[in-house]
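Visitor: below is the sequence, then the predicted model.
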Amino acid sequence: MNERCGWAGPEQIYIDYHDTEWGVPEYDSRALWEKLILDGFQAGLSWITILKKRDNFRTAFAGFEPDTIAEWGEADVARLLGDAGIIRHRGKIEATIGNARAWQEIEARQGFDRFLWNYVDGVPLRTTISNRADMPTQSPLSAQISKDLKKAGFRFCGPTIVYAFMEATGLINNHLTTCPRHAPCAALARDPADVWPTSV
């Protein structure tokens with residue numbers, strides 16, 4: 001009998017996240033940026049900690065609108081450090097502001113969505129792993145993307161963070177082959193020509 005990926009549970013919020021979001025290909029630049037930022041906040045913590053605070057994060061960070069956050073300064077950092085609803089880590093908060101500015105540059109140049117999807121030629125990578133113990137926590141590709149993001153000015157985007165981000169946003173379909181979400185997520189992949197009129 002097919003069963004969910006072993007990490008999905010036991011709390012309902014985690015099960016719902018697995019069943020509706022994780023691994024679904026994301027093609028929106030802003031949404032991709034939000035997920036990368038949240039994965040950065042996860043560093044040293046569990047994802048469910050971030051998931052439970054995600055609505056608070058969205059409120060505190062103006063809906064994760066990079067153009068808004070890019071204009072923030074020390075007063076905003078101080079405000080966020082006083083917000084008990086989020087992870088109050090100065091380095092991660094300051095990095096978010098800098099990452100918003102880095103996003104703006106990439107978005108203006110080519111689109112943050114295309115920047116990321118170009119690494120997989122616009123088509124989600126698919127794995128055929130049936131045992132979570134065999135799942136890597138990073139890859140040569142996540143290391144390359146991490147390196148390129150850092151070169152572009154991003155912080156809190158190491159190879160492990162980037163790999164988790166790739167899994168979450170469907171750049172790679174890492175649902176186990178025994179998971180009932182593996183095939184549906186694969187089916188949600190879109191033709192690059194439909195997403196970007198010219199080839200990626």
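Guide: Yes, it's here. No experiment lies behind these values; they were computed from the predicted model shown. Numbers count the residues shown, from 1 in each chain.

Visitor: show me where this protein has its helices.
Guide: Along the chain, counting by DSSP state H, helices occupy 12-20, 29-42, 47-60, 66-69, 74-81, 90-109, 112-117, 140-151, 159-168, 182-187, 192-195.

Visitor: turn the ones you listed into TSV, including distance to residue 129, mean pLDDT and mean neighbour count.
Guide: Where C-beta positions appear, they are placed from N, C-alpha and C, glycine not excepted. Output for these, formatted as TSV (distance: least, C-beta to C-beta, whole Å; pLDDT from 0 to 100; neighbours: other C-beta atoms under 10 Å):
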stretch	distance to residue 129	mean pLDDT	mean neighbour count
helix 12-20	16	96	14
helix 29-42	20	97	21
helix 47-60	19	97	15
helix 66-69	33	98	18
helix 74-81	38	98	14
helix 90-109	30	98	18
helix 112-117	22	98	22
helix 140-151	16	98	16
helix 159-168	11	97	22
helix 182-187	10	96	15
helix 192-195	25	92	14
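
Visitor: ok, residue 164 - contacts?
Guide: Residue 164 is in contact with 39, 42, 47, 137, counting by C-beta atoms under 8 Å, 6 or more residues apart in numbering.

Visitor: gap between it and residue 191?
Guide: 26 Å (C-beta to C-beta, to the nearest Å).

Visitor: quick revisit: ok, the contacts of residue 164 vs residue 195, which is closest?
Guide: Nearest to residue 195, judged by C-beta to C-beta, of those is residue 39 at 22.2 Å.

Visitor: residue 168 is in contact with that closest one, correct?
Guide: Yes. In this structure, residue 39 is within contact of residue 168 by C-beta atoms under 8 Å, at 7.1 Å.

Visitor: for burial, what's the neighbour tally of residue 178?
Guide: Neighbour count for residue 178, taken as other C-beta atoms under 10 Å: 16.

Visitor: so who does it touch?
Guide: 2-3, 130.

Visitor: mind putting the helices of the chain in JSON lines, distance to residue 125 included?
Guide: Formatted as JSON lines, the helices of the chain follow (distance: least, C-beta to C-beta, whole Å):
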{"stretch": "helix 12-20", "distance to residue 125": "19"}
{"stretch": "helix 29-42", "distance to residue 125": "16"}
{"stretch": "helix 47-60", "distance to residue 125": "20"}
{"stretch": "helix 66-69", "distance to residue 125": "26"}
{"stretch": "helix 74-81", "distance to residue 125": "35"}
{"stretch": "helix 90-109", "distance to residue 125": "21"}
{"stretch": "helix 112-117", "distance to residue 125": "11"}
{"stretch": "helix 140-151", "distance to residue 125": "8"}
{"stretch": "helix 159-168", "distance to residue 125": "8"}
{"stretch": "helix 182-187", "distance to residue 125": "11"}
{"stretch": "helix 192-195", "distance to residue 125": "14"}
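
Visitor: what's the burial count for the closest residue in space to residue 171 that isn't next to it in sequence?
Guide: With C-beta to C-beta, 6 or more residues apart in numbering as the criterion, residue 171 has its nearest non-adjacent residue at 5.6 Å, and that residue is residue 120. When counting by other C-beta under 10 Å, one arrives at 17 neighbours for residue 120.
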